[in-house]
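Novice: show me the folded form of this:
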Amino acid sequence: MALIVQKYGGSSVADAESIKRVAKRIVDTRRAGHDVVVAVSAMGDTTDELLDLANEVAPIPAPRELDMLLSSGERISMALLAMAIHSMGFEARSFTGSQAGMITDSQHGAARIVDVTPVRLREALDEGAIVIVAGFQGFNRDTRDITTLGRGGSDTTAVALAAALDADVCEIYSDVDGIFTADPRVIPKAQKLDHVSSEEMLELAANGAKVLYIRAVEYARRHGVLIHARSTFSSSEGTYVLGEGMKNPREAEGAVMEEPIVAGVATDFSQAKITVAGVPDVPGKAAEIFKIVAKSGANVDMIVQNVSATGRTDISFTVPKADAAGALKALAGEQTEVGFQNLIHDDQIGKLSVVGAGMRTHSGVSATLFEALSAGGINIEMISTSEIRISVVLRDTDLTEAARTVHTAYGLDGDAEATVHAGTGR
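Specialist: This next block holds a predicted model:
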C-alpha cells in the first residue's frame with residue numbers, strides 16, 4: 001500500500017461528467033489498495049470568471065475580499081468531487097485549505113506556505129476515507145484570514161501535502177500526457193519525456209513551460225517529493241520529475257540514466273523589454289537603476305549592457321509585461337537623479353530557451369542553436385545563459401517558427417503529433 005497525492009486542474013473537473021471521470025480514477029486508485037489525498041482546482045475557468053466579476057463591481061478589489069471570493073471556486077469543486085466519490089460507494093471527506101492545515105504568510109493573492117499541519121487529514125486517512133483538499137488556498141494564523149497562493153497554487157498545495165504526509169508520489173494531472181520536449185500546442189511533434197530532473201524542470205517552468213508551476217517544482221525539490229505529471233484523460237504513465245538521488249520508478253534496479261543533452265525547448269510570450277538609454281558610464285549607476293526597479297516590485301529576468309563609446313551606455317532588461325508599467329513609472333520618477341537620457345519600452349518580444357543537464361558535458365549546444373536561428377533568418381536581440389540553459393530574446397512574431405526550427409535542429413521531433421486532450425494545458 002502506498003500513499004498517493006493527486007492533483008486535478010480546472011480542465012480535469014470542468015463539468016459534471018469530468019468530475020465523475022476524475023472520481024472514478026480516484027476510486028480505482030483506492031481499490032488498488034492505496035491511500036489517496038486529492039488537491040483539486042476550481043472548475044474550468046471559474047477563477048478567471050470570478051476575477052472578471054470582482055473587477056466589474058470594484059476597479060481595484062480589496063485583496064482580503066478577493067481571496068475570500070476566489071477561494072470559493074475550489075470549495076465548490078472539492079464538495080462536488082466528494083459527492084461523486086460517495087455515489088460510487090466510497091467514503092470521501094472534503095477540506096478547505098485552512099481545515100487541511102495549510103498555513104501561509106499574510107500576503108493576499110500570492111501567499112507562501114510556511115507550515116502544513118495535516119492533523120485532520122491523517123485522522124480521515126486512518127479511518128479509511130479518501131481525502132479531498134481545496135487547492136490554491138491557505139490560512140494565516142496571525143490575521144486569521146483566508147489566503148490564496150497565486151497562479152499554480154493547486155500544484156503547490158498538492159506538493160506541500162505530499163511532503164507533509166510523506167507520500168510515495170505526487171501525481172499532477174492535466175490535459176496533456178506528461179512533460180514534453182516543447183509545448184505540443186506550439187510544436188505538434190514534441191515528444192513526451194520519460195523523466196526529467198527537477199533542475200531541468202525548474203528551468204523549463206521559469207522560462208515558459210506551463211505544465212508544472214515553478215513554485216511547486218521548487219517545493220518538491222526542497223522537500224524530496226517525487227512528481228509524476230500525467231493526463232486525466234489517459235491511463236498511460238506520464239513523466240517523472242526526479243530530485244537529486246531519486247530513482248526513476250521505470251528504471252531497472254542498478255540502471256544508470258544518461259542525461260539528455262537537451263531536454264526541452266520553452267517559449268515565453270509574457271515578457272517585455274525596457275531599455276534605459278544614455279546612462280552615465282560610471283560605477284554605481286546599474287546598482288541605482290536596479291534598486292529602483294526592485295522597489296517597484298518588478299522581477300528582472302535578462303540584462304544586457306552595451307559597450308560605452310561616448311561616456312554613456314544603454315542598459316536593457318526584461319520583466320513580466322504586468323510589471324513593466326510600474327518599473328517605467330519608478331524609473332521616470334528618478335531620471336534626474338540617475339542621469340539617464342530616456343526610456344524605451346518594447347512589449348513585442350518573445351523568449352526562447354533551450355534546457356538540458358547534458359549541456360554541462362557536451363560542446364556545440366550553443367552553436368546548434370545559433371546556426372538554426374541564422375538559417376531561419378531570425379535575429380537575436382538578447383542572450384542569457386546558465387549552466388544548463390541558453391535563452392534568447394527575439395521578435396514575438398518570430399518565436400513560434402524559431403521554436404520549431406530549434407526543436408528540429410536538436411533532433412527532438414517525434415514521428416507522430418502529440419495529443420492535447422482538452423486544449424488548455426491545465
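Novice: beta partners of the nearest residue to residue 96 once chain neighbours are set aside?
Specialist: Counting by CB to CB, 6 or more residues apart in numbering, residue 134 is the residue found nearest to residue 96 once chain neighbours are left out, at 5.0 Å. All C-beta atoms are positioned from the backbone trio N, CA, C, and that covers glycine. Beta bridges link residue 134 to residue 40, judged by DSSP bridges.
Novice: just residue 171 next, same as before
Specialist: Here residue 171, judged by DSSP bridges, has bridge partners residue 6, residue 228.
Novice: ok, how many other residues are close to it?
Specialist: Neighbour count for residue 171, taken as other CB atoms under 10 Å: 22.
Novice: against residue 179, how distant is it?
Specialist: Applying CB to CB, to the nearest Å, the value for residue 171 to residue 179 is 13 Å.
Novice: what do the two both touch?
Specialist: residue 229 (CB atoms under 8 Å, 6 or more residues apart in numbering).
Novice: for the closest residue to residue 170 other than its chain neighbours, what are its contacts?
Specialist: Spatial nearest neighbour of residue 170, chain neighbours left out: residue 162 (3.8 Å); criterion: CB to CB, 6+ apart. Counting by CB under 8 Å, 6+ apart, residue 162 touches 5, 37, 169, 170, 220, 225.
Novice: residue 267 now?
Specialist: Residue 267 makes contact with 182, 183, 186, 208, 350, 351, 352, 353, 399, 400, 403, according to CB under 8 Å, 6+ apart.
Novice: does the fourth one touch residue 265 like I think?
Specialist: No - with contacts counted by CB atoms under 8 Å, residue 208 stays clear of residue 265, the gap being 9.5 Å.
Novice: those two: which is more packed in?
Specialist: With neighbours defined as other CB under 10 Å, residue 208 and residue 265 compare such that residue 265 has more, 32 against 23.
Novice: parallel or antiparallel, list what pairs with the helix or strand hosting that one.
Specialist: If you go by DSSP states H and E, residue 265 is part of strand 264-268. Paired strands of strand 264-268, with direction, are strand 349-355 (antiparallel) (DSSP bridges).
Novice: and the strand it pairs with, what's buried?
Specialist: Residues of strand 349-355 classed as buried: 349, 350, 351, 352, 353, 354, 355 (neighbour count, 16 or more other CB atoms under 10 Å).
Novice: just checking, next helix/strand downstream of it?
Specialist: Next along from strand 349-355, by DSSP H and E: helix 365-375.
Novice: that older thread, now do the shared contacts for residue 208 and residue 265.
Specialist: residue 353.
Novice: identify the farthest-apart pair in the contacts of residue 162.
Specialist: For the contacts of residue 162, the farthest-apart pair by CB to CB is 37 and 220; their separation is 15.2 Å.
Novice: what is the longest helix along the chain packed up against?
Specialist: Longest helix of the chain, by residue count under DSSP state H: helix 63-87. In terms of contacts (3 or more CB pairs under 8 Å, 6 or more residues apart in numbering; DSSP states H and E), helix 63-87 is packed against helix 16-31, strand 35-40, helix 46-57, strand 92-95, strand 130-134, strand 137-139, strand 146-148.
Novice: run the angle between the second one and helix 16-31 for me.
Specialist: Strand 35-40 and helix 16-31 meet at an angle of 160 degrees, taking axes from the mean of the first three to the mean of the last three CA atoms, to 10 degrees as the criterion.
Novice: orientation of strand 35-40 relative to strand 130-134 in degrees?
Specialist: Per the same axes, to 10 degrees, the angle that strand 35-40 makes with strand 130-134 is 20 degrees.
Novice: what packs against strand 35-40?
Specialist: Where contact means 3+ CB pairs under 8 Å, 6+ apart, strand 35-40 is packed against strand 3-8, helix 16-31, helix 63-87, helix 119-126, strand 130-134, helix 153-165.
Novice: Serialize the contacts of residue 267 to a markdown table and add fields for distance to residue 331 and pLDDT.
Specialist: Converted to a markdown table, the contacts of residue 267 look like this (distance: CB to CB, whole Å; pLDDT from 0 to 100):
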| residue | distance to residue 331 | pLDDT |
| --- | --- | --- |
| 182 | 35 | 94 |
| 183 | 33 | 91 |
| 186 | 33 | 88 |
| 208 | 26 | 83 |
| 350 | 23 | 96 |
| 351 | 21 | 96 |
| 352 | 27 | 96 |
| 353 | 26 | 95 |
| 399 | 26 | 96 |
| 400 | 31 | 95 |
| 403 | 31 | 96 |
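Novice: got a markdown table for those residues, with distance to residue 29 too?
Specialist: A markdown table is the format used below for those (distance: CB to CB, whole Å):
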| residue | distance to residue 29 |
| --- | --- |
| 182 | 30 |
| 183 | 28 |
| 186 | 32 |
| 208 | 32 |
| 350 | 40 |
| 351 | 38 |
| 352 | 38 |
| 353 | 35 |
| 399 | 39 |
| 400 | 38 |
| 403 | 36 |
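Novice: can you show me the helices along the stretch 201-350 of the chain?
Specialist: Along the stretch 201-350 of the chain, the stretches classed as helices by DSSP state H, counting those that start in this stretch are 214-223, 285-295, 321-333, 335-338.
Novice: can I get the CA coordinates of the longest one in CSV?
Specialist: Spelled out, that is helix 321-333. C-alpha atoms of helix 321-333 as CSV (Å, rounded to 0.1, in the frame of the first residue of the first chain):
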residue,chain,number,x,y,z
LYS,A,321,4.6,42.6,-19.1
ALA,A,322,2.4,43.1,-16.0
ASP,A,323,5.4,44.6,-14.1
ALA,A,324,6.6,46.9,-16.9
ALA,A,325,4.3,49.9,-16.2
GLY,A,326,5.3,50.1,-12.6
ALA,A,327,9.0,49.8,-13.4
LEU,A,328,8.8,52.5,-16.1
LYS,A,329,7.0,54.9,-13.7
ALA,A,330,9.5,54.3,-11.0
LEU,A,331,12.5,54.9,-13.3
ALA,A,332,10.9,58.0,-14.8
GLY,A,333,10.5,59.5,-11.4
